[in-house]
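Colleague: kindly generate the corresponding structure for this input.
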Amino acid sequence: KPQKLSKNVMIIGADVHHKTGKMSTIGFVASMNDKISQYMSLIEQAKGEKIEIMDKIGSLVERALRNYQRLNNCYPDTIIFYRDGVSDGQFQAVLEYEVKQILQTFKNISTPDFEYNPQFMEVIVQKRISERFFSKNQKGLFNPYAGTVICEDTVSEKYWDFYLVAQKVTQGSCTPSKYTILYNTTDLTENDIIEMTFGQCANYYNWQGTIKIPACVKYADLLAYFVATSLDSRQPVSDKLVNQLYYLWSFIWKLLL
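Modeller: Below is the predicted model of the structure:
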């Protein structure tokens, strides 16, 4: 983590999985400790097969915050939310609908004796993009090194965004991930945000190196996919599992089902 990042930080990842003939499934994962190694995993069913905007994101954030308080005897004073699965045309809808819900959640937690107003940042993660970048030396073009950041010339003028190559790719051309800072009240610098994002790409339990996206986003993606494809959506996941990464063992679950 960047040194400037608070000890009481919560990092959230969220994604939506669509399955034909079923409701959309929201995967929501939030870190529960200062080392960002323990997570709370929640799911929510969304009406419609292609719904991308999260209708109940406020209630999911509130459950995560109250669970964090129960485990740590305090609420996080910094919240970083990595939101996957949003196209450029949906940025304004996310800002006006989802971010507004989350900010209202902070007010719901406040009491007459306690005003809860954490630093909050929402980052849109886009991993299915068409842009490709190459490094060049005397021998020709090659894939950029892991940790390469592109934040000039090809980026947006409306939002602050950047491309990050988190993995070392030895075959084919690598696809970077694009990160857009949609909302930010933290005091983190651009370098802090980039360092934190790259660090979280190395925080995934099922791989010994870096992955393409931050671990919390990968967990949310796996959670939504697992619940949508392997579990009965009419049966809620047991409360005993919400603090476990049970979906990382999905290949064993499929053998048992």
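Colleague: and L65, what element?
Modeller: Here L65, judged by DSSP states H and E, is contained in helix 57-72.
Colleague: can you name the next helix or strand after that helix?
Modeller: In the C-terminal direction from helix 57-72 (assignment by DSSP H and E), the next one is strand 78-84.
Colleague: strand partners of that next one, parallel vs antiparallel please.
Modeller: For strand 78-84, the paired strands and their directions (DSSP bridges) are strand 9-17 (parallel), strand 119-126 (parallel).
Colleague: and for that strand, what are the contacting residues?
Modeller: Outside of strand 78-84, the residues that reach it under the criterion C-beta atoms under 8 Å, 6 or more residues apart in numbering are 5-6, 8-15, 61, 94, 98, 102, 118-127, 182, 186, 196-197, 200, 213-214, 216-217, 220-221. C-beta here means a position set from N, CA and C on the backbone, and glycine is covered the same way.
Colleague: gap between it and the chain center?
Modeller: Distance, stretch centre to chain centre, for strand 78-84: 6 Å (C-alpha atoms, centre = their mean, to the nearest Å).
Colleague: kindly report the same for stretch 215-234.
Modeller: Between the mean C-alpha point of stretch 215-234 and the mean C-alpha point of its chain there is a distance of 13 Å (C-alpha atoms, centre = their mean).
Colleague: what's the helix or strand for the closest residue to I124 other than its chain neighbours?
Modeller: Leaving aside its chain neighbours, I124 sits nearest to T180 (4.3 Å; criterion: C-beta to C-beta, 6 or more residues apart in numbering). With elements taken from DSSP H and E, the one containing T180 is strand 177-184.
Colleague: tell me what angle that strand forms with strand 78-84.
Modeller: Strand 177-184 and strand 78-84 meet at an angle of 130 degrees, taking axes from the mean of the first three to the mean of the last three C-alpha atoms, to 10 degrees as the criterion.
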